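1. With the sequence up front, the predicted model follows.
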Amino acid sequence: MNSHRKNAKGFDIINAVLMVILSAMFLYPVIYIISLSFSDSSAIIEGRVLLFPVEFTTAAYERLFQDSSIINSFFFTVRITVFGVLSSLIATVIAAYPLSRSHLRGSGVIMRLIVFTMYFNGGIIPTYMVIRNLGLFNSMWSLILPNLVDTFLLIIMINYFRGLPVELEEAARADGCSNFKTFYRIFLPLAKPAVATLTVFYSVAYWNTFFNALLYIQDQTRLTLQVKLYQVLSMFSDALDPAAGVDASIIPENLKGATVVLAVLPIICVYPFMQRYFVKGVTVGAVKG
């Protein structure tokens, strides 16, 4: 018994050490980028920035917020994320509930067709032609409608509804509730963990919109933040407004760092508040079925 406890304790110690090492490996690039964005250009050029900011300065952020194109991209991406997440949640949840009911006729065929889309799709050119013919170019809906429902997340939501006791539906029917009222009053409140999971996934997907923005957004005032970040990283002098002026304390490296921080900070701030729902929703939605 003592040897078993010693082995378990040794395993816990080794596991803790490995987790600390892995956490450090994941956190260091983030900390380094943040430090880079707050460090003076001379310290960056001399290679003195390793972990913490050296000669702390906010010049890169001041320059960043002087450029109207960055601000426009930020708020345009916020709009896409807010409207996209709301639209996707409504469509996914409303589609998942009836498909989770065993008495729905043709549900098996519909599920097979839905799963089929995970392996095959229309392709880039047909989708491009559809967006063009619908007149959605330079619209945020061109970035939302093609990805309105994610098949994987729909399956998670279906499995979550299937995992809830069927007696709830039978009791609601006995009380005279309609299908919609049963869904809205009983099943939807119980699905908060799964909905929170979908919210995190959809938020990350819409916030990181890049490729579709390159295809469908031609108006330079409506670029997503990720496209603008790409411009800053690849074409520093052309991506920013030259009228903003040049500061000797700013070089491409710390301005790139500030742009990266601006791009990832909102998601990093949102995730901790939804983590407990996220873990529960993925576990239950993936296992039960």
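-> Done, it's in.

2. where does this structure have low pLDDT?
-> Scanning the chain for pLDDT under 70 picks out 1-4, 6-7, 233, 235-251, 274-289.

3. So which residue is dead centre in the protein?
-> Val204 (0.5 Å; Cα atoms, centre = their mean).

4. Now do the contacts for that one.
-> Val204 makes contacts with Ile267, as judged by Cβ atoms under 8 Å, 6 or more residues apart in numbering. Any C-beta I mention is one placed from the backbone N, CA and C, and that applies to glycine too.

5. Ok, Phe76 next?
-> 140, 222-225.

6. do Val30 as well
-> Val264.

7. re earlier: now for the contacts of Phe76: which two are most distant?
-> Met140 and Leu225 (12.9 Å; Cβ to Cβ).

8. Now do the helices in the stretch 101-250 of the chain.
-> 107-119, 124-133, 151-163, 166-174, 179-182, 188-190, 192-207, 211-216, 225-234, 236-239 (DSSP state H, counting those that start in this stretch).

9. Can you lay out those as a markdown table showing distance to Phe83?
-> Formatted as a markdown table, the entries for these read as follows, by distance: least, Cβ to Cβ, whole Å:
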| stretch | distance to Phe83 |
| --- | --- |
| helix 107-119 | 23 |
| helix 124-133 | 17 |
| helix 151-163 | 17 |
| helix 166-174 | 32 |
| helix 179-182 | 24 |
| helix 188-190 | 20 |
| helix 192-207 | 9 |
| helix 211-216 | 15 |
| helix 225-234 | 15 |
| helix 236-239 | 26 |
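
10. before we move on, the earlier item: and Met140 and Leu225? which has more neighbours close in?
-> Leu225 (27 against 22; other Cβ atoms under 10 Å).
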